[in-house]
Structure formats: C-alpha cells, structure tokens
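Trainee: this one's sequence-less:
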C-alpha cells in the first residue's frame, strides 16, 4: 500500500515500478513456461485442443470470479485503502495455491527428437533460435494473429463503456453485454472439443471469426434493443469460444513444425516471442483507443456527443474488431498445419 503521506511524484514512481514489475516481469516469468506446457505435455493435437479449451475456460471463469468477489471482499475488510490490499492478498494466496497445483500436477512428456546419432539441441543459442523462428511460417502467422487480437481486445474492451453509454444510451448495459458474452463463452467451450475433433482447429477458429463478425454487424445495424443486444452477445460469445479454445493449441503446433523444419525445438522462445507480440498489440491498442476518440472529438462530460465522436466510438467497438477478424480469415487461408501435422509428427518420430 502506498503511504498516504507521499507526494504525487513518489506515488507515480511507485505505481510505475510495481505495476511493471508485476505485469511485465513476474507475469511473463509465469505465463511463458505455463504456455509452453501445452506443447510439452502432449503432441496429440486433440489433447492440446482440450488443454487449450480448459485453459481459456478457467481463465474466463477466474475473471468472472474476481469481478464478482472483489467489491464484496473490500466491503468485508472495511471499505478503505487497506481493504483493497487485504483483498488482493487473498487473491494472491489463491493464485499461489493454483500455481503449486499446476507445478505438482503436470509432467513434461515431450522431448526433442534425435536425428540419427546427433541429438537435437535442447539448449538452443538465442540467435540461432531467433533465426529458426523466422523460418517457421506458421509461427509468424499465429504471432501476427495474437498481436492483432490483443490490439483488438484492448480497443474493443476499452470502448465498451462508451458504446453502451453514448450509442446504446445506457452505461449499465456494459454488464449485460459482458455478462452474457462471458457466460456463453464459458458454456460454448464445453462443446468446442467435439467440433475440433471433427473439423480441425483451423476450421473451428475460422468459424469463430465469422460468428464474431456476424455478432458485431447484428449489434451495429439492428439497433440497441435488448433482444438484439442479447442475440449479438450470444453470437459473439460462441465465436470467441471457438477462437479462445483453439488459438493457443495452434501456437503449440507451430513448435513441432519448427522442429521439423529447422531441427530446433524452442518451446520457450516460441511462447516468449508470442508473449512479446501480444503485449505489443495490447499496448498499441490502448494508445489507439485514446487517439481515435480524440480525433473524433469525444468529450467525456458532454451532454450529447457529436456525430464524429459517435463514429469514432463505432470504429473502436465495431469496425476495428471486424477488420481484425477479416485479417484473421485471410491468414487462416494460408494456414494448412492441421492437414500437415500427422505427417510432421510421423517424420519426427522416424528421425529418432
């Protein structure tokens, strides 16, 4: 907790250091190996899809849990500055327990293959690993997708409150839009595994992009009536379930392709580079939202927004996501790893 006696400058420095320490250093140190586990636990594409489904399902459930219990816990601890610290200490202990369960409950089963008598290097030099990454076309595709998606999530998520308040006319609709969206996304993930098994990750991911586009267009062109909001949120929730449940499994598949293509297996570097990509996308998206609203002439305390300000909100909430989803469909046109994957695994096993 920041001492109340500090002036504004030391407080800002403290917040800058602690926020970046947690979100940049500690989060990355945990998330990169956690992401790499998907590729290290199994090479079966269906099992990877199931792991990815539960990863995203429980991440969404965790977000809902924190959103639900934060304010009641703050109230319970006294509804003051120290109450916020105590609340997040509780969340911190829960997180530690979850991390320990992951550590003791998982096992790395996949190892680098042996080519003839020469074992494929597990400790790949950094420069060599970077060169290998850029020979991996599918990793480039998925990293580009992640950067675009997190840019879109940042812009769209930040614009939700403006869209509800200034376009739909009721800021309280934010909870309705997000609530229905998240609940449908969680429920939808229980059915994604059977779709992946039948149609493959690429096709399910592409289906999700199409549904996301349809959901956005429904909300934009059919007005702000409650039935339309519900239908749009349901469609987008199903679409996001398709995308969220398959994206990280597709990233894991690129590791095996990279090993087959270059002879180097680089789980950590692949996931580190992906993490860097979506952090860049998230940072650009946060700045882009403010720039677009400013260019559009948005005034926060205005009784009514100008036509250009309303257009800027629609661009952020509707049209940037649609553009990203369309780019995703174009990228998926060139993604053929699902069809090639069995042959790649067979070839890797033959090299042992």
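Mentor: Now that the structure is in, tell me what you want to look at. Quantities reported herein were computed from a predicted structural model and do not represent experimental measurements.
Trainee: count of neighbours near residue 230?
Mentor: 14 (other C-beta atoms under 10 Å). (Each C-beta comes from the backbone N, C-alpha and C, glycine too.)
Trainee: Find the helix or strand that it is a member of.
Mentor: helix 226-262 (DSSP states H and E).
Trainee: distance between the next helix or strand after that helix and the chain's centre?
Mentor: Counting by DSSP H and E, the next helix or strand C-terminal to helix 226-262 is helix 267-295. Mean-position distance between helix 267-295 and its chain equals 11 Å (C-alpha atoms, centre = their mean, to the nearest Å).
Trainee: Equivalent analysis for stretch 327-340, please.
Mentor: How far stretch 327-340 lies from its chain's middle: 19 Å, per C-alpha atoms, centre = their mean.
Trainee: If you average the pLDDT over that stretch, what comes out?
Mentor: For stretch 327-340, the mean per-residue pLDDT is 96.
Trainee: What's the end-to-end length of that stretch?
Mentor: 23 Å (C-alpha to C-alpha, to the nearest Å).
Trainee: quick one: buried residues of it?
Mentor: For stretch 327-340, a neighbour-count test (16 or more other C-beta atoms under 10 Å) marks 327, 328, 331, 332, 335, 337, 338 as buried.
Trainee: before we move on, what about stretch 80-94?
Mentor: The neighbour-count check on stretch 80-94 (16+ other C-beta under 10 Å) flags 84, 87 as buried.
Trainee: so residue 219 touches residue 227, yeah?
Mentor: No. Contact between residue 219 and residue 227 fails when scored by C-beta atoms under 8 Å: they sit 11.4 Å apart.
Trainee: between those two, which one's more packed in?
Mentor: The neighbour count for residue 219 versus residue 227, taken as other C-beta under 10 Å, is higher for residue 219 (23 against 9).
Trainee: wait, what's in contact with residue 334?
Mentor: With contact taken as C-beta atoms under 8 Å, 6 or more residues apart in numbering, residue 334 is in contact with residue 141.
Trainee: typo on my end, it should be residue 28
Mentor: Applying C-beta under 8 Å, 6+ apart to residue 28 gives the contacts 272, 275.
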